[in-house]
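>>> Got a predicted model here, sequence first, then my questions.
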2 protein chains.
Amino acid sequence: MDSASVRSRLKELYPALASMSQTAMDEMLVASMVKTVPKGTVLFDENSPCQAFPMVLDGSVRVVKSAPSGRELQLYRVLPGESCILSTGCMMGNAPYSATGIAESELTLVALPPHFFHKLLSEHAPFRNYVFGLFTERIAELMQLVEAVAFHKLDQRLAALLLGKGKVVHATHQQLADELGSVREIVSRLLKTFAERGLVSLGREEIELVNPVALRQVAEGV
Amino acid sequence: MDSASVRSRLKELYPALASMSQTAMDEMLVASMVKTVPKGTVLFDENSPCQAFPMVLDGSVRVVKSAPSGRELQLYRVLPGESCILSTGCMMGNAPYSATGIAESELTLVALPPHFFHKLLSEHAPFRNYVFGLFTERIAELMQLVEAVAFHKLDQRLAALLLGKGKVVHATHQQLADELGSVREIVSRLLKTFAERGLVSLGREEIELVNPVALRQVAEGV
DNA sequence: GCCCCTATGTAACCTGCGTCACAGAAGATC
DNA sequence: GATCTTCTGTGACGCAGGTTACATAGGGGC
């Protein structure tokens, strides 16, 4: 990605940077690294240190906890216009990572070095607010997740997951299981009951939501 | 609590404020409210708005998710020297609360009004770092919690909980269940098996950890 | 077509843990 | 001491969901 398009993409995705002066922006881009990595790249892992504040321009990152058994559970996803707060926390000199980040597709990001991150944080109020906003959003998400895992049955959670993915879902049962922290067989079993009830129709790597209203009711635990 | 002791307690518990000038501190104390509330007070609830940045001087707050079934799960506790990041997020104008906060004992706190919070955040780097630190710490805790709830069995989690409460634990089985998101009967049952294996000895509202080493192994899932 | 790989179906089984329904016990109140 | 309340012990039962172990099927490469 060339410098000009990086710049325009940044401004477009990160309104918090819009009000930066031209020269400050130049300075930042010189200090930063733009990286593009292929799908599947492990960006960070439990216990690995971290050296930059990443801003995603393109692609997405799955942030995941994995159990020794091989089961895995998705904590959240980082989309363009967002940043991984784990990195932030890590950079602030606190605890090391406690999860794994994997590029879900080809990924382009700008890596802001710590000194510049701190500078922005102290000097640029919109950026500071933006970062705070990210934090609180993630925390809210994590709380929702805790609640779901602790109190909701898997059929509810699966229904909710499907509803969040649009009318036609392209995913394998294994991928869905990995988002939910469950296993493939159970997802298959539940999907079958959904299909029998006329809520979805199933195909290879494709699930069509036939009756989203009823599915919503399942998700709500009715 | 009189003004002088509030001041000294603040400086003692919040080193981030230590470097504030005398006059800035005065200004802050004038703007802030010091509140003392009795044990059991509900400080905030799902969907309730929020108007200040609280700094706990004395006592503690349980932050909890509760399910319609009546089961409840503790997300974290706020101790003296800490603040509830939920409030922070809420104050930044983002989402409303998604949990409940309950005073675990008599509670004294300083409530910093939003405009002053923002001022401190932008002008006082140590405070900013402190707040960031809180955020990242909570996020790490929440991730641990998600992992525990999703992948660890209840006996592991109970063992870990006991180990985190010292050699002799004073709590009812119901209280332990409420921290774990489970129910009393199961906690009683598990404690009994612990007792039979010589890991703990049980009394009314008292659990003595007889063999912490073995208990640690249970917690690790050995 | 043939082979291989990945995705899916699905049945039998086991276990963890939540629910229900009590009963006894230790303090607390009077 | 009598009664009440809170805490604890315990058994029977049910169900969600994880584990194991295959079978089948589609799709792509050759």
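Good, I have the coordinates. Predicted, not measured: the structure shown is a model, and the values here were computed from it.

>>> And the pLDDT at residue A:50?
We note a pLDDT of 72 for residue A:50 in this prediction.

>>> Check residue A:95 too.
On pLDDT, residue A:95 comes in at 66.

>>> does any bit of the helix or strand containing residue A:144 sit next to DNA strand C?
Using DSSP states H and E, residue A:144 sits within helix A:125-151. No - using C-beta under 7 Å from any atom of the strand, helix A:125-151 never reaches DNA strand C; the gap is at least 8.3 Å. C-beta coordinates here come from the backbone N, C-alpha and C atoms, glycine included.

>>> Put the alpha carbons of the helix or strand of chain A with the lowest mean pLDDT into PDB.
The helix or strand of chain A with the poorest confidence is helix A:85-91; it has a mean of 77 (mean pLDDT, DSSP states H and E). Written as PDB, here are the backbone C-alpha positions of helix A:85-91 (Å, rounded to 0.1, in the frame of the first residue of the first chain):
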ATOM      1  CA  ILE A  85      -6.300  -3.100  23.400                       C
ATOM      2  CA  LEU A  86      -4.200  -6.000  24.400                       C
ATOM      3  CA  SER A  87      -1.300  -4.500  22.600                       C
ATOM      4  CA  THR A  88      -2.000  -1.200  24.300                       C
ATOM      5  CA  GLY A  89      -2.100  -2.600  27.700                       C
ATOM      6  CA  CYS A  90       1.000  -4.600  27.000                       C
ATOM      7  CA  MET A  91       2.800  -1.500  25.700                       C
END
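
>>> contacting residues around the next helix or strand after it?
Note on helix A:85-91: by DSSP H and E, the next helix or strand toward the C-terminus is strand A:100-103. Here strand A:100-103 makes contact (C-beta atoms under 8 Å, 6 or more residues apart in numbering or on different chains) with A:37-46, A:59-66, A:78, A:84, A:86.

>>> circling back to that earlier point, what comes up buried for the helix holding residue A:144?
A:127-143, A:145-151 (16 or more other C-beta atoms under 10 Å in any protein chain shown).

>>> try stretch A:62-75
A:62-66, A:71-75.

>>> Also stretch A:28-38?
A:28-29, A:32, A:34-35.

>>> repeat for stretch A:149-158
Residues of stretch A:149-158 classed as buried: A:149-152, A:154-158 (neighbour count, 16+ other C-beta under 10 Å).

>>> now swap in stretch A:161-170 and tell me
A:161-163, A:169.

>>> Among those residues, which ones are in helices?
Within the buried residues of stretch A:161-170, membership in helices is found for A:161-163, as judged by DSSP state H.

>>> For those, please prepare CSV with the additional fields distance to DNA strand C and pLDDT.
Output for these, formatted as CSV (distance: C-beta to the nearest atom of the strand, whole Å; pLDDT from 0 to 100):
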residue, distance to DNA strand C, pLDDT
A:161, 14, 98
A:162, 13, 98
A:163, 18, 97
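
>>> what residues does stretch A:180-200 touch?
Contacting residues not belonging to stretch A:180-200 are listed as A:65, A:71-74, A:149, A:154-155, A:157-159, A:161-162, A:173-174, A:176-177, A:201-202, A:207-211, A:214-215, A:218, B:150-151 [C-beta under 8 Å, 6+ apart].
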